[in-house]
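Peer 1: Got a predicted structure here, sequence first:
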Amino acid sequence: MTQIQVGVQQMFPPGKTLRYRREYTEAMADVEKAKVLERKLKLLREVRQRYLDLYYRINADRILQQNRALFSDLVNITQRQYAAGRNNQHDVLRAQLELSLLDDRIMDTEQQEQVARAGLARYVVYEQATRPLPEAFPELKSIPARDQIRQNLPDHPLVLIEDAAIDASKKKVAEAEQLYKPGWSVDVTYGNRNGRNGDGSGRPDMLSAMVMIDVPLFTENRQDKKLSAAKKQSLAQQFNRDDRLLELSSMLETEYANWDRLKERLALYQQRASLDAKANAESTLNAYQSDTADFTTLMRSELTELNTQLDMLSIRVELAKAQARLLYLTGETE
C-alpha cells in the first residue's frame, strides 16, 4: 500500500481540567504579586534600619568629638593643678589616659560609620549612601494601635502569599478530581494513494476519523494517588498559612512591647537622667577646681555624662528601628 497520510489529532482532558489549570496559573500569579509587595516592604524596612545605624554612628562621633574638647581641657587643668602643687602626677596621667581612650573610641566609631555606610549602600546607590546626612532626626509614620495592627495581619503580604498558595493547591485538588472522568480525543487522517489498480483505474484517496475515549479504570494506581497527594499538599499549605500568621502575631507582640518600653526609657533620659548627669558633671568640676573633690570622682562624673548622651542617642535610634519594624507589620510602603 502506497499512501501519503496527513492527520490531525486533538486531545481533550477529562472534565474541567483545562479550567482548573488556568485557575491554578492565575493563583500562582497572585503568589508572585504578593511576593513582590513583601519584598518592597522588607526593602523599605532594611533601608530604614541601615539609615538609622548610620545616623547613630555619625552622631555618636559628634558627641565624642564634643567631649574630646572637654577631656583635653581636663588634661590642661590637671597639669596646671600639678604645677601649682595642688594635686599629684597620677591625676595628670589619668587624664591623659582617658583622653587616649576617648581617641580610640572616636576611631572605632568612625570605622563603624564606614561599615554602616557600606550596609546602607547594599540597598541604595553608592552616592546616596556616602552623602552627608541631615542633622534632623528622621521622622517615621505614626504607629496604629496594637489591636488594629493585629486585625490587619491577615492582609499582610506574607499571609497573602500563603492564601494564594492555598488557592492554587485547591485548584490542583480539583484538577486531580477530574481524572476520575473519562478523557477523549479525535483523530482525522487523510491518505493520498498513488499508483493504479490492475485494470488501470486510479486508486481512491482515503479519509478516516476516529474518536478515542480514555476510561479511568483501576483508579488506585493513578487517580487515587494523585488526588491524595494534592489534598495533602493543600492541607500543608493551610498549616503554612497558620504558622505564618502566628509568626507575625508573635513579632507584633514582641516589637510593640519593645517599642513601648523604649519610649519609657527615652522619656526617662530626656526628663531626668540626661539633666542629672550634666548637672553632676558641672558641680563635680567646680568642686575639683575648688579642691573639694578628687580627680577620680571628677572623671567618673564626666564619663557618666558622656555615656548618658550616647545611651540616650542609642535608645532614640533603637526606638525608631522598632517603629520601622512595626510599620513593616502594618504593610506601610510610603
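Peer 2: Everything's here; your move.

Peer 1: Now do the contacts for Asp205.
Peer 2: 190-193 (C-beta atoms under 8 Å, 6 or more residues apart in numbering). (C-beta placed from N, C-alpha, C; glycine too.)

Peer 1: Dump those to JSON lines, plus neighbour count and secondary structure.
Peer 2: Formatted as JSON lines, the contacts of Asp205 follow (neighbours: other C-beta atoms under 10 Å; DSSP: H, G, I helix; E, B strand; the rest coil):
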{"residue": "Tyr190", "neighbour count": "14", "secondary structure": "strand"}
{"residue": "Gly191", "neighbour count": "16", "secondary structure": "strand"}
{"residue": "Asn192", "neighbour count": "12", "secondary structure": "strand"}
{"residue": "Arg193", "neighbour count": "15", "secondary structure": "strand"}
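
Peer 1: Show me the shaky parts of this protein.
Peer 2: Scanning the chain for pLDDT under 70 picks out the ranges 1-2, 85-87, 195, 197-198, 200, 334.

Peer 1: Can you tell me which residue sits nearest the middle of it?
Peer 2: In the chain, the residue lying closest to the centroid (C-alpha atoms, centre = their mean) is Lys42, at 3.4 Å.

Peer 1: Can you pull the phi/psi pair for that residue?
Peer 2: Dihedral pair for Lys42: phi -60, psi -40, per degrees, to the nearest 10.

Peer 1: Same question for Ile213.
Peer 2: Ile213 adopts backbone torsions of phi -120, psi 130, taken as degrees, to the nearest 10.

Peer 1: Would you check that it makes contact with Val186?
Peer 2: No - with contact defined as C-beta atoms under 8 Å, Ile213 does not count as touching Val186 (10.6 Å).

Peer 1: neighbour count winner among these two?
Peer 2: Taking neighbours as other C-beta atoms under 10 Å, Ile213 and Val186 compare with Val186 leading, 13 against 9.

Peer 1: Okay, that one and Gln10: tell me how far apart.
Peer 2: Per C-beta to C-beta, to the nearest Å, Val186 is found 5 Å from Gln10.

Peer 1: now do Thr109
Peer 2: In terms of C-beta to C-beta, Thr109 sits 73 Å off from Gln10.

Peer 1: In terms of packing, which of those two has more residues around it?
Peer 2: When Thr109 and Gln10 are compared for neighbours, Thr109 comes out ahead with 20 against 9, by other C-beta under 10 Å.

Peer 1: And that one, how far from Gln66?
Peer 2: Taken as C-beta to C-beta, the span from Thr109 to Gln66 is 13 Å.

Peer 1: Kindly report the same for Asp291.
Peer 2: 27 Å.

Peer 1: Nearest spatial neighbour of Val92, chain-adjacent residues omitted?
Peer 2: Thr78 (4.6 Å; C-beta to C-beta, 6 or more residues apart in numbering).

Peer 1: whoops, I mixed them up, Thr308
Peer 2: Ala277 is the one closest to Thr308 (C-beta to C-beta, 6+ apart), at 4.0 Å.

Peer 1: which residues touch the helix or strand containing the one you found?
Peer 2: Assessed by DSSP states H and E, Ala277 sits inside helix 274-289. Residues outside helix 274-289 that contact it (C-beta under 8 Å, 6+ apart): 77, 293-295, 297-298, 301-302, 304-305, 308-309, 312.

Peer 1: make it 7 Å
Peer 2: Residues outside helix 274-289 that contact it (C-beta atoms under 7 Å, 6 or more residues apart in numbering) are 293, 295, 297-298, 301-302, 304-305, 308-309, 312.

Peer 1: next one: stretch 308-315
Peer 2: Counting by C-beta under 7 Å, 6+ apart, 56, 59-60, 63, 262, 265-266, 269, 273-274, 277 sit against stretch 308-315.

Peer 1: can you give me the strands for this protein?
Peer 2: 3-12, 183-193, 206-214 (DSSP state E).

Peer 1: In a markdown table, list those strands along with distance to Lys171.
Peer 2: Converted to a markdown table, the strands of the chain look like this (distance: least, C-beta to C-beta, whole Å):
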| stretch | distance to Lys171 |
| --- | --- |
| strand 3-12 | 19 |
| strand 183-193 | 18 |
| strand 206-214 | 21 |
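
Peer 1: Deepest in the core, which of those is it.
Peer 2: Among those, strand 183-193 has the highest mean neighbour count (mean count of other C-beta atoms under 10 Å), at a mean of 14.

Peer 1: What helices and strands are in contact with it?
Peer 2: Strand 183-193 is packed against strand 3-12, strand 206-214, with contacts defined by 3 or more C-beta pairs under 7 Å, 6 or more residues apart in numbering; DSSP states H and E.

Peer 1: how deep is the spatially closest residue to Arg222 that is not a sequence neighbour tucked in, by neighbour count?
Peer 2: Leaving aside its sequence neighbours, Arg222 sits nearest to Leu179 (C-beta to C-beta, 6+ apart; 7.2 Å). Here the number of neighbours of Leu179 (other C-beta under 10 Å) works out to 20.
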